[in-house]
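**Student:** based on what follows, work out the 3D shape:
(one chain, ligands or ions: 1)
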Amino acid sequence: MNTTGTMAAQANFGGLGVVAFESRHAQEMASLITRFGGVPRVAPALREIPLEENAPALEFGGALLAGKLDAVIFMTGVGTRRLVDVLETRHPREQIVKALERLTVVARGPKPAKVLRELQVPITITVPEPNTWREILTELDENPRGFTLAGSRVAVQEYGAANDAFLDALRERGVQVMRVPVYQWALPQDLQPLRDAIKELSEGRARVALFTNAAQVEHLLQVAEDTGEKERLLKALRKVVVASVGPTCSETLAHYGIAIDLEPVHPKMGPLVQETAQQANELLTKKLEQEQRAQAAGIEAIGKASEHLMAAGNPIADNESRIPKAGPIGTDSEARPAWEDSRFLRACRFEAVDATPVWLMRQAGRYMKEYRDLRARVPFLELCKNPALVSEVTVTAAEKLGVDAAIIFADLLLIVEPLGLHLEYDKGEGPVITPGVREAADIDRLRDVEPEQSLGYFYDAIRQTRADLDARLPLIGFAGCPFTLASYLIEGGGSRNYRHTKALMYRDPGAWRELMERLARVLARYINAQIEAGVQAVQVFDTWVGCLAPEDYLEYVQPYTRRMLEDVRPGTPVIHFGTGTAMLLEAMRDAGGTVIGVDSQVELSHAWQRLGDGVAIQGNLDPVVLYGDLEFIRTRTQRILDQAAGRTGHIFNLGHGLLPDTPYDNVVALVKMVHEISSQQLSAGHHAAPDWKFSRRKSDQY
Ligand code: CP3
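**Tutor:** From the prediction side, this is the model:
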């Protein structure tokens, strides 16, 4: 008998039903299980999808070649190979390799190392087994070859879901992180095999579960939750031998309180199946006895592994919420959507346009008769909660004005209700929020928000609007920034001097930090779900940030806005807007955003000079100019376009929202003027295009 035969004889599942979740190696997994005497039930839990345009990968290429990075961490073999394939569509391979030679190149494990060697890229650091992010950090913390994390710019090639714990740990060390997702995991198109696997486990027909990566765990539980089987599955898993390929996967299992019975010596599929086969029957007997004892004693058997990890001070990444669900992400075979070539998105990408794109804040609103008529029948909040009406209002405004983008009709404060507060719009008085959040105890009382669930109507409205809107027009989503939202929560509505907001900030910095961190987290999630639902860009409003002195902005606001923006799914342009920000523009830019929205109190050309060519600019006609006559409006519009001087990356807008009694005809005329004047300027070759087109600091945004 050969060696394999001997091992197979020792390692035997003895006819147990064995569930596994492998996708790419599903066949191989099934035959391994069979070979070791098990009855395989392989339910692929993941589908790999290329990102629609691979914009983050291309942006990485730009930053790499421009010498704007200090290190690159390659996480996976497949991802590394695909990343290079994407880059090669734009740059010759020699250039890519040459640029990499100048950096600290980290290979997480043997697979990316192999690809890098094939490309003849010198590897500075090869991370030892078990190749998790902790080993990467340990290696980097030792300052290899003079490389210091603090203050460095590091690109992380990502595989599937972002590893938030790793990214956070890097940021804590003062690293400017550029996320480079090359592909994402989605749920498989056919969920039946997963549903069947859940049933097999829940009904006790399968007694072994093999997990070969962390995302499988997330997807299994997601499907179980969607079918109302989660609790039952978790309970059933207490009587199942659970084997995990390695530490990252085990952490995710532990996070859900699932006890892990085995991790193989080498974090690979072969050893996982073989070692589990060897011990399955013994482990199962033990586990069943344990469960019986626990039940007799009336206590819940808790995952030993999770207890162990917690005791070891090993915080478990809370990345459950960050796993991207299967969404409307294009596949290679899908045609490129028409909006990709719109003036608006081209400007966000610093590409040339035939005329300057224009849209207007509050373009759907009371200055428009159709809107007033509708509002006479439907209260404002009710309107926001009705997807068909939202779509109608959004689409009507965009089409009637002839603007280059639609903004979803909604409100910055919709998120207030799921936080557990009461929101009301009194006639003409603006929003009223009760009770106000004034101290630490009020912050503790705020509910954890799962926007996808609690604001279902909003995401339905986005889907409906995207379906109804001309495919050539991008749809813009929006959110408040942590400060502006906090100011509404604290003041209970609008405010003149932000007395209570500043008082909390100065008096109880701990409570302030807690509130801002929570809002940053929730808002990033709120935004990402909008992207998932179908918006092409996002504007974040820090409308009232101008009430702060620059030092207060830097200390009390910027870190949280930055955190929120860093967590926004890369590849979607973000417009970062505020008013009264003449003293804050650079600080806002440094917090993030592809485009900076400027108000009318700064000269556009001056703002651009200060912000540099690495950022696009939106703005900045005073909305009150629209009360003047057409000639006056034309003069002021021309001035702004002259200041933009035909640069790539200008989006025309107002310095703030349209006022309710703005003359409608003037608004329509403004949009026409912007197109007319700018197309003449541009065709006359009035160009001052920057010589590079990558966002200087926020390269992980777009
Ligand atoms: O720009 C658009 O067309 C999209 C829709 C939109 C609305 N509000 C509709 C709205 C957007 C992007 C907002 C954002 C918003 N909401 C902000 C930040 C924007 C900014 O101006 O800086 C803020 C601070 C809010 C909160 C809010 N909503 C206030 C203070 C008010 C009352 C002020 C007012 O104009 O009455 C609202 C109500 C509101 N939001 C209206 C609209 C069309 C008017 C409601 C009505 O029809 O009576």
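**Student:** for the ligand, what are the nearby residues on the chain?
**Tutor:** For the chain, the contact set with the ligand under Cβ under 6 Å from any ligand atom comprises 361-366, 375, 380, 407, 409-413, 430-431, 478, 494, 541, 543, 656-657. Just so you know, the C-beta spots here come from the backbone N, C-alpha and C atoms, and that holds for glycine as well.
**Student:** against residue 384, how distant is the residue nearest to the spatial centre of the chain?
**Tutor:** In the chain, the C-alpha nearest the mean C-alpha coordinate belongs to residue 569, at 2.5 Å (Cα atoms, centre = their mean). Distance of residue 569 to residue 384, given as Cβ to Cβ, to the nearest Å: 24 Å.
**Student:** was I right about residue 374 contacting residue 390?
**Tutor:** No: the criterion here is Cβ atoms under 8 Å, and residue 374 misses it with residue 390 at 10.7 Å.
**Student:** next, show the common contact partners of these two.
**Tutor:** Common contacts of residue 374 and residue 390, defined by Cβ atoms under 8 Å, 6 or more residues apart in numbering, comprise residue 383.
**Student:** what about the two, which has more around it?
**Tutor:** Between residue 374 and residue 390, counting by other Cβ atoms under 10 Å, residue 390 is the more crowded of the two (24 against 16).
**Student:** tell me the SS of that one?
**Tutor:** helix (DSSP: H, G, I helix; E, B strand; the rest coil).
**Student:** nearest spatial neighbour of it, chain-adjacent residues omitted?
**Tutor:** residue 461 (3.9 Å; Cβ to Cβ, 6 or more residues apart in numbering).
**Student:** give me phi/psi at residue 143?
**Tutor:** In terms of degrees, to the nearest 10, the main-chain angles of residue 143 are phi 50, psi 60.
**Student:** who's in contact with it?
**Tutor:** Contacts for residue 143 (Cβ under 8 Å, 6+ apart) come out as none.
**Student:** let me know the pLDDT of residue 322.
**Tutor:** We have a pLDDT of 24 for residue 322.
**Student:** which residues of the stretch 151-300 of the chain fall in helices?
**Tutor:** Secondary structure of the stretch 151-300 of the chain (DSSP state H, counting those that start in this stretch): helices at 164-172, 192-202, 214-226, 230-236, 247-255, 269-297.
**Student:** out of those helices, name the one with the poorest average pLDDT.
**Tutor:** Looking at those, the weakest mean confidence is helix 247-255, a mean of 84.
**Student:** tell me the angle that one makes with helix 214-226.
**Tutor:** Following axes from the mean of the first three to the mean of the last three Cα atoms, to 10 degrees, one obtains 30 degrees for the angle between helix 247-255 and helix 214-226.
**Student:** convert the C-alpha atoms of helix 247-255 to CSV, please.
**Tutor:** What follows is helix 247-255, C-alpha atoms only, in CSV (Å, rounded to 0.1, in the frame of the first residue of the first chain):
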residue,chain,number,x,y,z
PRO,A,247,-6.6,31.9,12.2
THR,A,248,-8.5,34.5,10.2
CYS,A,249,-11.3,32.1,9.4
SER,A,250,-11.3,30.9,13.0
GLU,A,251,-11.7,34.5,14.2
THR,A,252,-14.7,35.0,12.1
LEU,A,253,-16.2,31.8,13.4
ALA,A,254,-15.4,32.8,17.0
HIS,A,255,-17.0,36.1,16.3
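**Student:** how about the strands of the stretch 451-600 of the chain, start to end?
**Tutor:** Along the stretch 451-600 of the chain, the stretches classed as strands by DSSP state E, counting those that start in this stretch are 475-480, 537-542, 574-578, 595-597.
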